[in-house]
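Undergrad: what's the 3D shape of this:
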Amino acid sequence: MTTTSKPAKRRARSGSGSAKARRSAARLAAVQALYQIELAGAAPETVLAEFVSHRLGHEVDGISYVAADPLLFSAIVRGTSSRRAEIDTMLTAALDPKMPLERLELLLRAILRSGAFELLSEADTHPRIILTEYVELTKAFYAGREFGVINGVLDHLARRLRPEELEPSDTGYGRA
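TA: Below you'll find the predicted structure:
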């Protein structure tokens with residue numbers, strides 16, 4: 001999340017930041033939206049509309065944020081929401097039985113679900129990039145070892161869902 005100081009007025013920004021930064025911002029916003037959806041029991045379309053109108057690429061409290069890639073943001077939120085049962089089944093199988101999905105904090109679940117959805121649907125993005133992005137995103141929220149859970153579970157899913165892309169000889173990473 002890149003910030004710069006700007007006047008305190010609120011204005012929309014479109015396209016600021018590199019493509020990689022906009023995709024990272026989309027992932028962050030999608031995790032926040034999924035958290036809000038689960039916490040408040042809100043409809044995905046309602047939360048999507050709120051984020052597009054008031055958060056993505058806007059200046060908030062004098063801080064200007066990189067504009068999120070709106071297509072990736074909406075794809076993650078809609079896709080994760082619509083495929084939640086399938087994603088939760090995969091995550092449950094990848095987690096230690098002593099720590100079931102429903103016992104994880106809402107934020108960790110949102111991060112895992114988003115990452116799992118991308119591994120399922122974002123064929124243009126190399127799985128290592130997806131793992132790295134979600135591990136870094138986790139580090140932005142947590143100071144402990146939570147990133148290890150995210151890394152371990154998403155790595156397990158990536159090896160199961162996209163094994164051909166994780167061959168030891170593979171050096172291509174695709175787009176961020």
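Undergrad: Tell me which helix or strand Phe51 sits in.
TA: helix 44-54 (DSSP states H and E).
Undergrad: tell me how far that helix is from the chain's mean position?
TA: Centre-to-centre, helix 44-54 and its host chain are 16 Å apart (CA atoms, centre = their mean, to the nearest Å).
Undergrad: Counting by contacts, list what it packs against.
TA: helix 19-40, helix 70-82 (3 or more CB pairs under 8 Å, 6 or more residues apart in numbering; DSSP states H and E). Every residue, glycine included, has its C-beta placed from N, CA and C.
Undergrad: Quick one: closest of these to Arg103.
TA: helix 19-40 (14.2 Å; CB to CB).
Undergrad: The closest one packs against which elements?
TA: helix 44-54, helix 70-82, helix 106-121, helix 127-141.
Undergrad: The residue most central in space within the chain: what's it in contact with?
TA: The residue lying closest to the centre of the chain (CA atoms, centre = their mean) is Arg27, at 3.4 Å. Contacts here follow CB atoms under 8 Å, 6 or more residues apart in numbering; on that basis Arg27 touches 72, 76, 114, 118, 133-134, 137.
Undergrad: quick one: it and Val77, what's the gap?
TA: Distance, Arg27 to Val77, using CB to CB, to the nearest Å: 11 Å.
Undergrad: May I see the buried residues of stretch 39-52?
TA: By neighbour count on 16 or more other CB atoms under 10 Å, the buried set for stretch 39-52 is 44, 47-48, 51-52.
Undergrad: Select, out of the helices and strands packed on helix 19-40, the one closest to Glu38.
TA: Here helix 106-121 is closest among the helices and strands packed on helix 19-40 (CB to CB), at 5.5 Å.
Undergrad: Could you list every helix and strand in contact with that closest one?
TA: helix 19-40, helix 70-82, helix 84-94, helix 127-141, helix 146-161.
Undergrad: Would you pull up how far it lies from the middle of the chain?
TA: 6 Å.
Undergrad: by how many degrees do it and helix 146-161 diverge?
TA: 20 degrees (axes from the mean of the first three to the mean of the last three CA atoms, to 10 degrees).
Undergrad: pLDDT on stretch 20-36, on average?
TA: The pLDDT scores in stretch 20-36 average 94.
Undergrad: what's the distance between that stretch and the middle of its chain?
TA: For stretch 20-36, the distance to the chain centre is 5 Å (CA atoms, centre = their mean).
Undergrad: List the buried residues in that stretch.
TA: 21-36.
Undergrad: ok, back up a step: now the helices and strands packed on helix 106-121 as CSV including distance to Pro100?
TA: Converted to CSV, those look like this (distance: least, CB to CB, whole Å):
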stretch, distance to Pro100
helix 19-40, 16
helix 70-82, 19
helix 84-94, 7
helix 127-141, 19
helix 146-161, 12
